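# Predicted structure and sequence below. I'll ask about it afterward.
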Amino acid sequence: MAGKRGGNLNWFYLLLTVVVLTGVGLMVYGQVGRGKTRAGKASMAPVNLAAMAEPDLIKAARGVNRGAESARVEVMVFSDYQCPACAYFATNIEPQIVKEFVETGKIRLIAQDFPLGGSHIYGFLAARAARCAEDQGKFWEYHHQLLALQNAWAYSRVPPVETFQSYAVDLGLDAAKFNGCLNSDAHADLVTANYQLGQQAGVTGTPTVFIDGRQSLGPNDWDVLKAEIERALGL
């Protein structure tokens, strides 16, 4: 099964390789300068990966997996934490995917970062915050917290660093470690690489779902998405 899973994702990494070979580096979307906070400087915008060697860039693009290693099908979801449609997916669609397909060992769910930029000025910071939580083994819990409480921080007039820190405390994370991670450039390269990965896979909006490499026609329509997953499983 490991060979099949590698094959499912090879096209993503091949596309990412093209980015390196053609010299595409700095993402030019929604550049927002680095936001100053009372705790320090939190990286809020993509970084320039043009100078990275090919193997390093490919390695930098990494999703977060949930599900059995032996799962027959992989479902990859590109999300922006400030996107209302992603909040709907996380609170209404994802729980059904997990219950019916992940917990039964049929699929492996993979979360990927795709901060849209533009008016979604805190999407990049939120993606980094989720990765800081991943450092302490709480990615999925923090991921759901960000999306379930999206309206509490998405329209803030200042970078919602303190709100993100409070979520870490709520989830029992080591506050000092989380704060140090968030108020830095930690994981900026990872989130940037994941965004570039999505770009080269044809992602233009969020959520975008790939089922064994095939883009879903209705990620926020449970009946459509369920049928697509069952088709990939041969059910």
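Received the coordinates, thanks.
# Show me the residue at the heart of this structure, geometrically.
The chain has Asp113 as the residue nearest its centroid, 2.4 Å off, counting by CA atoms, centre = their mean.
# got any ranges where this protein has weak pLDDT?
The chain contains residues with pLDDT under 70 at 1-59.
# what ranges do the strands span in the protein?
Ranges of strands within the chain are 35-37, 40-42, 64-67, 73-79, 107-113, 208-211, 214-215, based on DSSP state E.
# Out of those strands, the one nearest Phe164 is which?
For the strands of the chain, the distance to Phe164 is smallest for strand 40-42, at 8.7 Å, taking CB to CB. Using the backbone N, CA and C atoms, a C-beta is placed for each residue, glycine as well.
# Let me have the strands of the chain in JSON lines, extended by distance to Tyr195.
What follows is the strands of the chain, written out as JSON lines (distance: least, CB to CB, whole Å):
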{"stretch": "strand 35-37", "distance to Tyr195": "18"}
{"stretch": "strand 40-42", "distance to Tyr195": "17"}
{"stretch": "strand 64-67", "distance to Tyr195": "15"}
{"stretch": "strand 73-79", "distance to Tyr195": "9"}
{"stretch": "strand 107-113", "distance to Tyr195": "6"}
{"stretch": "strand 208-211", "distance to Tyr195": "12"}
{"stretch": "strand 214-215", "distance to Tyr195": "17"}
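# give me the number of residues near the closest residue to Leu197 other than its chain neighbours?
Leaving aside its sequence neighbours, Leu197 sits nearest to Ala61 (CB to CB, 6 or more residues apart in numbering; 4.3 Å). Look at Ala61: counted by other CB atoms under 10 Å, it has 25 neighbours.
# isn't Ala61 right next to Gln199, touching?
No - at 10.9 Å, Ala61 does not count as touching Gln199 under the criterion of CB atoms under 8 Å.
# how far away is Ala127 from Ile211?
With distances taken as CB to CB, to the nearest Å, Ala127 is found 22 Å from Ile211.
# Please list all residues in contact with the residue lying closest to Val77 once chain neighbours are set aside.
Spatial nearest neighbour of Val77, excluding adjacent residues (CB to CB, 6+ apart): Val209 at 5.2 Å. Taking CB atoms under 8 Å, 6 or more residues apart in numbering, we find Val209 in contact with Val75, Met76, Val77, Phe78, Gln215, Ser216, Pro219, Leu225.
# now swap in Phe89 and tell me
Applying CB under 8 Å, 6+ apart to Phe89 gives the contacts Val77, Ser79, Pro207, Pro219, Asn220.
# one step back: more neighbours, Ala127 and Ile211?
Using other CB under 10 Å as the criterion, Ala127 and Ile211 rank with Ala127 on top: 28 against 20.
# so who does that one touch?
Per CB under 8 Å, 6+ apart, neighbours of Ala127: Asp80, Tyr81, Asp113, Pro115, His187, Val191, Asn194.
# at 7 Å instead, please
Contact partners of Ala127, counting by CB atoms under 7 Å, 6 or more residues apart in numbering, are Tyr81, Asp113, Pro115, Val191.
# among those, who's most crowded?
Counting neighbours by other CB under 10 Å, Pro115 leads the contacts of Ala127 with 31 neighbours.
# so that residue touches Tyr195, yeah?
Yes - under the criterion of CB atoms under 7 Å, Pro115 makes contact with Tyr195 at 6.3 Å.
# Please report how far the residue lying closest to Ala111 once chain neighbours are set aside lies from Asn151.
In this structure, Ala111 finds its nearest non-sequential neighbour in Val64, 4.6 Å apart by CB to CB, 6+ apart. Using CB to CB, one obtains 24 Å as the distance from Val64 to Asn151.
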